[in-house]
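S.K.: The sequence isn't on hand, but the structure is:
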């Protein structure tokens, strides 16, 4: 490089530096900044592009955020008051503005850039609740308007949805909720007309026609004139009879106002069931028969005072006390019998008899053979159970096993008295003697058990059982059908011929030498 070039360059540099320091400060800074500018600013800051010191302080980066807030006074207010996004967000607190808002990237560069879907609206002065959470950002933040300038009042956004046409003011929240526009929280009890009963479910417009809320009439008839089935005949004070709980809920005290208390089945009846005339005139008669003539199964034979027997709780529930009001008390199974089972004719025509046979003649299995006093054997609890007949008082007391035998086993007919009393009449097929010992089984057998003997061999025969004879069973000596005295010999040889070692040499009377104790016992002297 030539010395001449170096010289010329040095002179030029000196001239420039001198000019810079000789020039006024503003222009000197402008020249420097022009030499060191990183690039064009965004369109939002285009007006400040030639005035660098509006945003930059020479050699002091820390002062830059203060200069930003000098222009952006609304943001400065948020930061100082800890309100709005810049005053609440922990991502902003203590950070310089340029950490989020980068400049000198060109006029088209967006220095305000954030993810709208991920943005936490709770860091602003308007927290999104209820249905607001689902609203798109652009519905509230429209055009080039600042986000912070979006209105917070309901009416600004919901003016088109507002059916009251502004008559109720701008404070929609006094009645509506953010969860649902139609969910009303208005407390009507704070008005002169608290909503009770069915009024609670009525839609506002049902009473507030054409959005009129002040000066509405409060009488029932003002709204319910078309519902008045009485056509005004009972006046305009519907509450005298009706209740807000329901149009059909009647508060009318029928007993106090008319002298006819509604009890039992009368209570739930619709008025028009009895009062067929619209005006409830003429006044109805209070006698039962005036309404129940067609229900009277007695066809008037028992008089018009149905209440003497029937109750209002049920037509079939009778208050008639048969025990008290008649001379025939109903006991046992009689209590469950339907009236007309006995009263075949009206009581004014004929009363049924009081004797058992008057009703039970067709039930009498004895066909009258036992007389007409059924109660002598039967009781009112059951026709067949717990009979009171004492067989021991009859000609044939029941002894032993006879007590366990069913009546029908001996009494083949219901006459009963025709049953035979001889043992053989019932036990002929059980008689192992084949009738050889007669028909009186009781001479030998006990009614306690067939095998219990009553026969006394010494008293009832001429052959006393002594010695070894006592332990023998009858069939040892008595062959089948050989029980009578003529059928059985009393000589020893009749049974002991096979035992006779003498082979008949000493005759048939073994007892001359032997005893009944043992064959080996000899009494010979």
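M.R.: Done, it's in. All of these numbers come straight from a predicted model, not from anything done at the bench.
S.K.: The protein: strands as residue ranges?
M.R.: Remark: strands assigned in the chain by DSSP state E are 242-243, 246-250, 445-446, 449-453.
S.K.: From residue 200, how far off is the residue nearest to residue 193 when sequence neighbours are not counted?
M.R.: Nearest residue to residue 193, sequence neighbours excluded (Cβ to Cβ, 6 or more residues apart in numbering): residue 218, at 5.2 Å. To be clear about C-beta, it is placed using only N, CA and C from the backbone, and glycine gets the same treatment. Plainly put, residue 218 is 16 Å away from residue 200 if you go by Cβ to Cβ, to the nearest Å.
S.K.: Also residue 318?
M.R.: 45 Å.
S.K.: Tell me which of these two has more neighbours.
M.R.: The neighbour count for residue 318 versus residue 200, taken as other Cβ atoms under 10 Å, is higher for residue 318 (13 against 10).
S.K.: Tell me who's in contact with the nearest residue to that one once chain neighbours are set aside.
M.R.: Counting by Cβ to Cβ, 6+ apart, residue 318 lies nearest to residue 309, which is 5.0 Å off, once chain neighbours are set aside. Each residue near residue 309 by Cβ atoms under 8 Å, 6 or more residues apart in numbering is listed here: 302, 318-320.
S.K.: Could you measure from residue 309 over to residue 168?
M.R.: 65 Å.
S.K.: who's in contact with stretch 82-102?
M.R.: 61-62, 64-65, 68-69, 75, 77-81, 109, 111-112, 123-125, 148.
S.K.: Please type out the ChimeraX selection for whichever of those residues turn out to be buried.
M.R.: Selecting only the buried entries of the contacts of stretch 82-102 in ChimeraX, with 16 or more other Cβ atoms under 10 Å as the criterion:
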select :65,68,69,75,78,79,109,111,123,124
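S.K.: hmm, back to that, the residue nearest to residue 193: how many residues sit nearby?
M.R.: Neighbour tally, residue 218, other Cβ under 10 Å: 10.
S.K.: That one and residue 194 touch, don't they?
M.R.: No. Using Cβ atoms under 8 Å, residue 218 makes no contact with residue 194, being 10.6 Å away.
S.K.: Give me the pLDDT value at residue 210.
M.R.: pLDDT recorded at residue 210 is 82.
S.K.: and if you look at residue 228?
M.R.: pLDDT, residue 228: 86.
S.K.: In contact with it, which residues are there?
M.R.: Contacts of residue 228 (Cβ under 8 Å, 6+ apart): 221, 238.
S.K.: switch the cut-off to 10 Å
M.R.: With contacts taken as Cβ atoms under 10 Å, 6 or more residues apart in numbering, residue 228 has the following neighbours: 220-221, 234-236, 238.
S.K.: Of those, which is the most crowded?
M.R.: Counting by other Cβ under 10 Å, top hit in the contacts of residue 228: residue 238 with 21 neighbours.
S.K.: Low-confidence stretches in this protein?
M.R.: 1-36, 59, 278-281, 348, 386, 480-487, 524-525 (pLDDT under 70).
S.K.: What residue spans form the domains of it?
M.R.: Following the TED database, one gets these domains for the chain: 31-135, 278-357, 388-417+445-452, 455-524.
S.K.: hey, where'd the helices end up in the stretch 1-150 of the chain?
M.R.: Under the criterion DSSP state H, counting those that start in this stretch, the stretch 1-150 of the chain contains helices at 3-22, 25-36, 64-71, 73-81, 84-88, 137-140.
S.K.: circling back to that earlier point, can you list the strands of the chain in JSON lines and add mean neighbour count?
M.R.: JSON lines is the format used below for these (neighbours: other Cβ atoms under 10 Å):
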{"stretch": "strand 242-243", "mean neighbour count": "18"}
{"stretch": "strand 246-250", "mean neighbour count": "12"}
{"stretch": "strand 445-446", "mean neighbour count": "17"}
{"stretch": "strand 449-453", "mean neighbour count": "11"}
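S.K.: how about the contacts of residue 309, which pair is most distant?
M.R.: 302 and 319 (13.5 Å; Cβ to Cβ).
S.K.: Between those two, which has more neighbouring residues?
M.R.: residue 302 (15 against 12).
S.K.: Please enumerate the helices of the stretch 151-300 of the chain.
M.R.: Using DSSP H, counting those that start in this stretch, helices in the stretch 151-300 of the chain cover 154-158, 204-207, 220-224, 254-258, 271-274, 289-292.
S.K.: Spatially central residue in the chain, please.
M.R.: Most central in the chain under Cα atoms, centre = their mean is residue 268, positioned 23.7 Å from the mean C-alpha point.
S.K.: Now do the contacts for that one.
M.R.: Counting by Cβ under 10 Å, 6+ apart, residue 268 has contacts residue 262.
S.K.: Save the strands of the chain as JSON lines, and put in distance to residue 326 too.
M.R.: JSON lines is the format used below for those (distance: least, Cβ to Cβ, whole Å):
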{"stretch": "strand 242-243", "distance to residue 326": "47"}
{"stretch": "strand 246-250", "distance to residue 326": "41"}
{"stretch": "strand 445-446", "distance to residue 326": "53"}
{"stretch": "strand 449-453", "distance to residue 326": "53"}
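S.K.: quick one: which of the ones you listed is nearest residue 180?
M.R.: strand 246-250 (27.5 Å).
S.K.: quick revisit: between the contacts of residue 228, which is closest to residue 258?
M.R.: residue 234 (13.5 Å).
S.K.: Apart from its neighbours in sequence, what residue is nearest residue 462?
M.R.: Nearest to residue 462 is residue 490, by Cβ to Cβ, 6+ apart, at 6.7 Å.
S.K.: Residue 351 now?
M.R.: Residue 351 sits nearest to residue 343 (Cβ to Cβ, 6+ apart), 7.8 Å away.
S.K.: And for residue 284, nearest residue in space, chain neighbours not counted?
M.R.: Nearest to residue 284 is residue 274, by Cβ to Cβ, 6+ apart, at 6.1 Å.
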